[in-house]
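Asks: pasting a predicted model and its sequence here:
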Amino acid sequence: MARVLKTGLAFLLLATCAASAAEDAYVAEIQKSRQESDAFMRSDRSPLRLVGRFQVAEGVATLGSDPASTILFPERAPRQIGRLTRRGREFRFEVSAGVPVTINGKPMNGAADVHVAKSPEPSDRVGVGDFLFAIRPVGEDFYLLLQDSKSTLLREFKGSTWFPVDTAYRVEAQFSPYEQKETTTVPFTSGDSQTFTAGGDVIFQLAGQTMRLKTFETSGGLFVMFRDQTSGKETYGGGRFLEAPTPQGGKTTLDFNKAYNPYCAFNPYAVCPVPPRENRLPVRIAAGETYQGHP
């Protein structure tokens with residue numbers, strides 16, 4: 001009997017140690033992803049570099065720091081950078097004489113067509129000095145997005161803040177597919193909209209309640225936009241985003257420790273989708289990224 005008891009205690013100790021090691025590894029994984037997120041915000045791809053967002057109309061637009069320019073760059077930029085011509089969904093850029101310009105990192109002379117694509121596919125990137133611009137479609141409109149490597153927002157960024165990691169906010173969810181996939185028009189903070197494909201909802205238990213969130217399809221799995229009872233107080237008022245793995249056997253995992261702010265939480269020139277009304281959770285999700293910018 002004593003031997004059986006000792007064996008049972010040994011197995012229990014081993015199980016406890018294994019569970020503790022797994023939790024430590026999970027916390028380390030989350031901390032690593034947060035460090036990577038912070039490093040990205042400081043990198044040459046940071047959304048904090050965005051200093052201008054200009055709608056591109058049909059016809060010819062002039063670019064530069066000259067006040068008469070159609071698209072006005074900051075004073076540090078050359079006065080006349082060039083001419084951007086839009087014909088429907090096609091764009092062509094002509095460089096002003098004597099202005100050193102690159103396109104996708106290579107020197108550019110004269111004029112060239114500019115490839116424009118919807119994210120995450122890359123658009124051509126045109127550089128001049130500290131500045132870089134690309135054109136992106138939003139709905140039926142097109143916008144020139146201007147970046148500055150010496151952006152004030154980038155220089156003054158103090159780092160993201162997060163709730164402590166809590167495994168209670170990593171939950172298994174049942175995926176409930178729609179009979180037919182929905183093409184949903186999602187509003188953006190700019191007033192424009194884009195279409196997303198919604199294939200179903202995720203249903204899960206949290207804080208003793210059964211909850212449901214509408215999901216949207218991406219190439220890597222499911223995309224979730226949500227608000228909760230921390231929104232506008234401890235977290236960004238416009239909601240937070242979350243990715244979840246493609247459902248397997250009708251199930252997926254929602255890890256709210258990985259919930260993050262949209263870029264418009266950091267930069268007024270960024271444009272973000274707005275969470276659907278049905279994705280307002282009635283509980284406080286004290287997990288993921290927080291926000292310090294509320295009055």
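Replies: Thanks, I have the structure now.
Asks: what helix or strand is M225 located in?
Replies: Using DSSP states H and E, M225 sits within strand 221-226.
Asks: and the residue nearest the centre of this structure?
Replies: P262 (5.0 Å; Cα atoms, centre = their mean).
Asks: relative to R89, how far out is the nearest residue to that one once chain neighbours are set aside?
Replies: Leaving aside its sequence neighbours, P262 sits nearest to C272 (Cβ to Cβ, 6 or more residues apart in numbering; 3.8 Å). No exception for glycine: its C-beta is placed from N, CA and C like everyone else's. Distance from C272 to R89, counting by Cβ to Cβ, to the nearest Å: 23 Å.
Asks: more neighbours, these two?
Replies: Neighbour count, other Cβ atoms under 10 Å: between C272 and R89, C272 has more, with 19 against 9.
Asks: ok, and the closest non-adjacent residue to R280?
Replies: The shortest distance from R280 to any non-neighbouring residue, by Cβ to Cβ, 6+ apart, is to R227 (4.8 Å).
Asks: for the closest residue to L72 other than its chain neighbours, give me its contacts.
Replies: Nearest residue to L72, sequence neighbours excluded (Cβ to Cβ, 6+ apart): S65, at 7.0 Å. Counting by Cβ atoms under 8 Å, 6 or more residues apart in numbering, S65 touches 72-79.
Asks: go with 6 Å
Replies: The contact partners of S65, by Cβ atoms under 6 Å, 6 or more residues apart in numbering, come to 73, 75, 77, 79.
Asks: hey, where'd the helices end up in this protein?
Replies: 2-41, 152-156 (DSSP state H).
Asks: tell me the pLDDT of S149.
Replies: Note for S149: predicted pLDDT of 96.
Asks: what's the closest non-adjacent residue to it?
Replies: In space, S149 is closest to D130, 4.7 Å off (Cβ to Cβ, 6+ apart).
Asks: how close does the one you found sit to D148?
Replies: Counting by Cβ to Cβ, the separation of D130 from D148 is 6 Å.
Asks: counting neighbours, go ahead and name the busier of the two.
Replies: When D130 and D148 are compared for neighbours, D148 comes out ahead with 21 against 15, by other Cβ under 10 Å.
Asks: looks like the more buried one contacts V51 (just checking).
Replies: Yes - under the criterion of Cβ atoms under 6 Å, D148 makes contact with V51 at 4.4 Å.
Asks: what's the local residue count around the residue nearest to L146 when sequence neighbours are not counted?
Replies: In space, and not counting its chain neighbours, L146 is closest to G52: 3.6 Å by Cβ to Cβ, 6+ apart. Using other Cβ under 10 Å, G52 has 17 neighbouring residues.
Asks: ok, now which ones touch I203?
Replies: 174, 176, 212.
Asks: repeat that with 8 Å
Replies: 173-176, 210-212.
Asks: with just CA atoms, put the longest strand along the chain into CSV.
Replies: The longest strand of the chain (DSSP state E) is strand 170-187. Written as CSV, here are the backbone C-alpha positions of strand 170-187 (Å, rounded to 0.1, in the frame of the first residue of the first chain):
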residue,chain,number,x,y,z
ARG,A,170,-6.9,31.3,-23.6
VAL,A,171,-10.1,29.4,-24.5
GLU,A,172,-11.3,26.7,-26.8
ALA,A,173,-14.0,27.8,-29.1
GLN,A,174,-16.5,25.9,-31.2
PHE,A,175,-16.7,27.1,-34.8
SER,A,176,-20.2,27.5,-36.1
PRO,A,177,-20.1,27.9,-39.9
TYR,A,178,-22.8,29.7,-41.8
GLU,A,179,-24.9,27.8,-44.3
GLN,A,180,-23.3,30.1,-46.9
LYS,A,181,-20.4,32.4,-46.5
GLU,A,182,-21.3,36.1,-46.2
THR,A,183,-19.7,39.0,-48.0
THR,A,184,-19.8,41.7,-45.4
THR,A,185,-19.2,45.4,-45.9
VAL,A,186,-17.1,46.5,-43.0
PRO,A,187,-16.8,50.3,-42.3
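Asks: what's in contact with that strand?
Replies: Strand 170-187 is contacted from outside by 26, 193-206, 212, 215-217, 222, 244, 247, 250-257, 273-274, 276, using Cβ under 8 Å, 6+ apart.
Asks: how near is the residue nearest to P262 to Y263?
Replies: Separation of C272 from Y263 (Cβ to Cβ): 6 Å.
Asks: again, but for G239
Replies: Relative to Y263, G239 is positioned 13 Å away (Cβ to Cβ).
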